[in-house]
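> Return atomic coordinates for the entry below.
(chains A and B)
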Amino acid sequence: AQSVTQLGSHVSVSEGALVLLRCNYSSSVPPYLFWYVQYPNQGLQLLLKYTSAATLVKGINGFEAEFKKSETSFHLTKPSAHMSDAAEYFCAVSASNTGNQFYFGTGTSLTVIP
Amino acid sequence: DTGVSQDPRHKITKRGQNVTFRCDPISEHNRLYWYRQTLGQGPEFLTYFQNEAQLEKSRLLSDRFSAERPKGSFSTLEIQRTEQGDSAMYLCASSLLNTGQKGYTFGSGTRLTVV
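Next up is the predicted model:
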């Protein structure tokens, strides 16, 4: 079985500050891990994915995430927050042996303070 | 590539009515997925198709929910005898066969309000 836990349902950062959104996963098989972003009244847009290649994954809009198996974590970071980063962020896991469905976390709402 | 299209964007219905939503996936994508997202939650998997075959439907919320993809292209999700608890965003996504490595492309969703 697969699941993810996102710590912190709301995160606020100042513009230009580091963004850190936390995700821990549980998986009975090697996982594939994803971060999605959702703007109000929109669908989900893929930010980045981990699929067992490099553990440090770079995505769109300056975001990156590091897969740490020992910590079962896949935290999302961005060195400098922009106002346009304000959105809801979801971590998701799928089983690498099937990949038929994703299990999403409950999301983290990011607020960027000018 | 026009992305994944969902219709309608918004639907308000009275309790007890039937509703049907449509999803048009990216044309070359052979997998199509339906998810439900309630307020403050992440998307919850409902069902998926590979071409016209519905390969997983045990996660559909009740027998009031059904989905079809008759020609392996667009799909419909029907909810019969709607209840207030069905109010949610219904998301469709599509992908190529090897979903696990590539992730999905999501549509913008259909927001259902049951009054």
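
> Break down chain B into its helices, ranges please.
Remark: helices assigned in chain B by DSSP state H are B:99-102.

> dump the residue contacts of the spatially most central residue of it.
Centroid-nearest residue in chain B, with C-alpha atoms, centre = their mean: B:Trp34, separated by 3.2 Å. Each residue near B:Trp34 by C-beta atoms under 8 Å, 6 or more residues apart in numbering or on different chains is listed here: B:23, B:46-48, B:67, B:75, B:77, B:90-92. Glycine gets a C-beta too; all of them are placed from N, C-alpha and C.

> Let's see if you can find the most crowded of the residues you listed.
B:Cys92 (30 neighbours; other C-beta atoms under 10 Å in any protein chain shown).

> Identify the bridge partners of the residue nearest to the centre of chain B.
Note on B:Trp34: beta-bridge partners B:Thr47, B:Cys92, judged by DSSP bridges.

> coming back round to it: ok, so of the contacts of B:Trp34, who is nearest A:Lys78?
Closest approach between the contacts of B:Trp34 and A:Lys78, by C-beta to C-beta: B:Leu91, at 24.8 Å.

> Hmm, B:Gly107 and that closest one touching each other?
Yes - the pair B:Leu91 / B:Gly107 is scored as a contact, 6.4 Å apart, by C-beta atoms under 8 Å.

> Low-confidence regions, chain B specifically.
Along chain B, the model assigns pLDDT under 70 to residues B:1, B:98-102.
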